[in-house]
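Student: Coordinates only, no sequence provided:
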């Protein structure tokens with residue numbers, strides 16, 4: 001139900017219970033365990049723990065425990081260690097609510113959360129090591145990644161005994177010693193040095209089904225306390241010497257082999273920071289950034305340069321910014337830190353320009369506009385059009401004008417009506433924003449004119465702008481003029497966002513290629529069914545609001561979505577538009593946050609919801625109840641009491657209990673046998689269906705379902 005592009009996403013609290021409603025309630029307990037994973041039903045159980053049978057599977061189980069979260073965490077760890085499990089932490093992870101364990105090749109994730117000061121909830125989830133390496137008995141400080149693999153720990157034994165252990169156990173795990181001839185045949189630069197100061201080193205290749213598994217390097221190091229430091233990692237010679245570029249992050253280059261990432265700002269920000277962890281060696285990473293930054297007209301500075309085997313600090317500069325690149329080692333990763341800053345002189349010039357723009361905005365030209373002569377575009381352009389970008393294949397044109405919104409709107413109404421175009425009235429017709437729709441024959445065009453500082457920004461799209469030969473779209477002189485204007489610090493041209501070609505055309509929602517790191521997809525389903533009756537998309541895009549609005553108007557129009565004036569909100573930093581799609585009503589919301597445009601797009605599937613009885617009466621709201629606990633629950637709301645049997649709303653229930661209510665905020669009380677009553681409020685909106693999910697503890701969470 002939920003996915004991520006460029007980064008890790010943690011779903012919101014309400015989305016977690018959407019999963020509980022649509023998935024947990026609808027899946028029966030597995031009849032038999034997967035032989036490659038542990039059957040969690042056979043694992044040790046804490047004394048007093050009560051199983052939530054409605055959510056039990058062979059790979060996942062949940063308990064309510066009568067002890068505080070801290071006590072539960074320590075107790076379950078003790079139980080698992082006594083059962084032969086070894087706890088580890090993944091590199092760069094810092095989870096306070098979950099922990100990881102390994103026994104041979106079997107993996108296990110354990111999570112604990114506080115329900116009350118003296119009660120907690122815990123769960124087991126089975127995992128599996130994709131690539132297995134042995135843990136020394138009684139090893140301490142275990143750091144492990146089961147995918148690369150990587151192992152770092154401290155063995156309690158001396159060097160020779162630890163080396164004997166790995167020689168035996170690596171072979172038992174499917175690894176065989178790698179000799180120099182075998183390595184050189186595939187990696188000519190391989191150097192298999194097995195002697196290091198105060199330690200030992202060995203190389204292994206996997207002899208089983210890991211045809212793509214890279215060889216690993218085992219390094220053992222004597223410690224002053226008599227113990228032995230252990231590290232197993234992919235052999236450095238097997239890693240690529242040349243890193244490929246992936247999509248940019250915050251307007252800066254990023255290599256493909258990135259493991260983790262964090263950034264702030266974008267290409268228009270005064271300050272940007274990027275932090276990455278990449279599976280590569282420092283020399284390859286350094287070569288990547290020297291190459292990619294030079295291609296973006298950054299110049300490496302000699303001052304302040306530090307280049308060693310384990311640390312790099314380099315300074316770069318461009319016409320408008322400075323940048324500092326730092327590289328370091330952590331585990332088997334190269335850590336990347338980049339900070340860019342716009343130069344003081346450029347900031348001062350931008351401030352002065354902003355003040356001048358504000359003064360100019362107050363006296364924008366409101367005089368009638370004349371058409372640009374020698375215009376090759378399919379629609380008239382005002383004579384003062386600037387930074388014109390035209391795409392005849394997609395039927396898009398964007399530009400600026402130093403005239404007022406009112407003057408530009410009057411220009412197009414007069415000139416297009418003179419050419420036989422008919423305008424469809426729009427409710428968006430103010431001094432700072434105007435939306436116009438024109439029709440002629442079988443063609444249509446939509447114009448949006450917005451006040452953007454000292455200029456009006458014009459965006460138009462539609463079949464009336466599609467040309468047979470799109471080469472006329474960008475004359476060299478126009479492109480050169482726009483580039484020169486940008487270099488001089490002028491306002492950047494309108495971004496024409498492109499649809500991501502990797503997104504399936506049949507996917508529910510379009511997304512631009514130039515999106516940010518936050519992506520959330522959600523869907524609501526009838527319990528026991530895989531058919532959704534509501535889908536939702538939430539992303540952030542490093543582009544201005546007007547460009548994002550133009551993208552979605554174009555892409556949704558291609559899918560047959562019709563824009564409606566109902567519930568429309570058009571502001572400089574906020575947009576809300578209703579659409580009628582072939583499958584049902586939809587709502588697009590745009591906003592601004594941290595130099596990005598936030599997108600929330602939700603679509604309802606009317607036919608599916610109608611069959612499930614989810615559609616409320618016109619102007620009313622519908623509240624749908626579910627009970628994933630093993631005991632009966634009673635909900636009192638709006639002077640009515642609804643009794644919910646155990647598992648109500650699940651696959652054994654023909655129809656989930658429902659209640660029609662006028663829109664508004666309601667107080668409610670939940671009572672589960674053996675639990676204290678819980679009181680809370682829920683707010684429901686007109687023409688929407690909301691779910692109220694009752695947990696075994698009596699806690700209830702609400703989520704929009706339709």
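Tutor: Thanks, I have the structure now. From a predicted model like this one, the values you see are computed outputs, not experimental measurements.
Student: Please work out which residues outside the helix or strand hosting residue 557 touch it.
Tutor: Assigned by DSSP states H and E, residue 557 falls within helix 545-558. Residues from elsewhere that reach helix 545-558 (CB atoms under 8 Å, 6 or more residues apart in numbering): 394-396, 398, 446, 448, 450, 452, 457, 459, 461-462, 494-497, 499, 510, 512, 541, 563, 572-573, 575, 579, 581, 586, 588, 590-592, 597, 599, 601. No exception for glycine: its C-beta is placed from N, CA and C like everyone else's.
Student: Which of the helices or strands spans residue 273?
Tutor: Here residue 273, judged by DSSP H and E, is contained in strand 271-278.
Student: What helices and strands are in contact with the next helix or strand after that strand?
Tutor: Using DSSP H and E, the helix or strand that follows strand 271-278 in sequence is helix 282-295. For helix 282-295, the contact count by 3 or more CB pairs under 8 Å, 6 or more residues apart in numbering; DSSP states H and E identifies strand 252-255, strand 299-307, strand 311-317, strand 321-330, strand 333-342 as packing neighbours.
Student: and the first one, which strands flank it?
Tutor: What that stands for is strand 252-255. Note on strand 252-255: by DSSP bridges, its sheet partners are strand 245-249 (antiparallel).
Student: tilt between the strand it pairs with and strand 271-278?
Tutor: Using axes from the mean of the first three to the mean of the last three CA atoms, to 10 degrees, the inter-axis angle of strand 245-249 relative to strand 271-278 is 150 degrees.
Student: and strand 245-249, what's its mean pLDDT?
Tutor: In this model, strand 245-249 has a mean pLDDT of 88.
Student: One more: stretch 287-303?
Tutor: Here the average pLDDT along stretch 287-303 is 95.
Student: Likewise for stretch 367-376?
Tutor: The model assigns stretch 367-376 a mean pLDDT of 88.
Student: Residues in contact with it: which ones?
Tutor: Applying CB under 8 Å, 6+ apart, the external contacts of stretch 367-376 come out as 380-385, 401, 403, 407-408, 410-411, 415, 472, 475.
Student: Quick check: buried residues in that stretch?
Tutor: Residues residue 369 are the ones in stretch 367-376 that count as buried (16 or more other CB atoms under 10 Å).
Student: So for residue 33, what's the pLDDT?
Tutor: At residue 33, the model reports a pLDDT of 44.
Student: Quick one: end-to-end length of stretch 260-274, please.
Tutor: End-to-end distance for stretch 260-274, by CA to CA, to the nearest Å: 11 Å.
Student: Buried residues of that stretch, list them for me.
Tutor: Within stretch 260-274, judged by 16+ other CB under 10 Å, the buried ones are 261, 263, 265, 266, 269, 272, 273, 274.
Student: Figure out how far stretch 64-76 is from the centre of its chain.
Tutor: 32 Å (CA atoms, centre = their mean, to the nearest Å).
Student: Average pLDDT for that stretch, rounded please.
Tutor: pLDDT averaged over stretch 64-76 gives 92.
Student: What are the contacting residues of it?
Tutor: Applying CB under 8 Å, 6+ apart, the contact partners of stretch 64-76 are 44, 46, 48-50, 52, 99, 110, 112-115, 117-122, 696-697.
Student: got a list of contacts for stretch 264-275?
Tutor: 249-252, 254, 261-263, 335-342, 347, 492, 542, 594-596.
Student: now, which of the contacts of stretch 367-376 lie within helices?
Tutor: Counted as lying in helices by DSSP state H, out of the contacts of stretch 367-376, are 407, 408, 410, 411, 415.
Student: Which one (most neighbours) among these?
Tutor: For the ones in helices among the contacts of stretch 367-376, the largest neighbour count, defined by other CB atoms under 10 Å, is 26 neighbours, found at residue 408.
Student: For it, give its distance to residue 367.
Tutor: 12 Å (CB to CB, to the nearest Å).
Student: related to what we said a few turns ago, of the contacts of stretch 64-76, buried ones?
Tutor: Here, 16+ other CB under 10 Å leaves 46, 49, 52, 99, 110, 112, 115, 120, 121, 122, 696, 697 buried among the contacts of stretch 64-76.
Student: what's the pLDDT at the last one?
Tutor: If I follow you right, that is residue 697. In this model, residue 697 carries a pLDDT of 68.
Student: wouldn't residue 330 be in contact with residue 277 here?
Tutor: Yes: under the criterion of CB atoms under 8 Å, residue 330 is in contact with residue 277, at a separation of 7.3 Å.
Student: what's the overlap in contacts for those two?
Tutor: With CB under 8 Å, 6+ apart, residue 330 and residue 277 have common neighbours residue 92.
Student: quick one: which of those two has more around it?
Tutor: Taking other CB under 10 Å, residue 330 and residue 277 do not tie; residue 277 has more neighbours (20 against 10).
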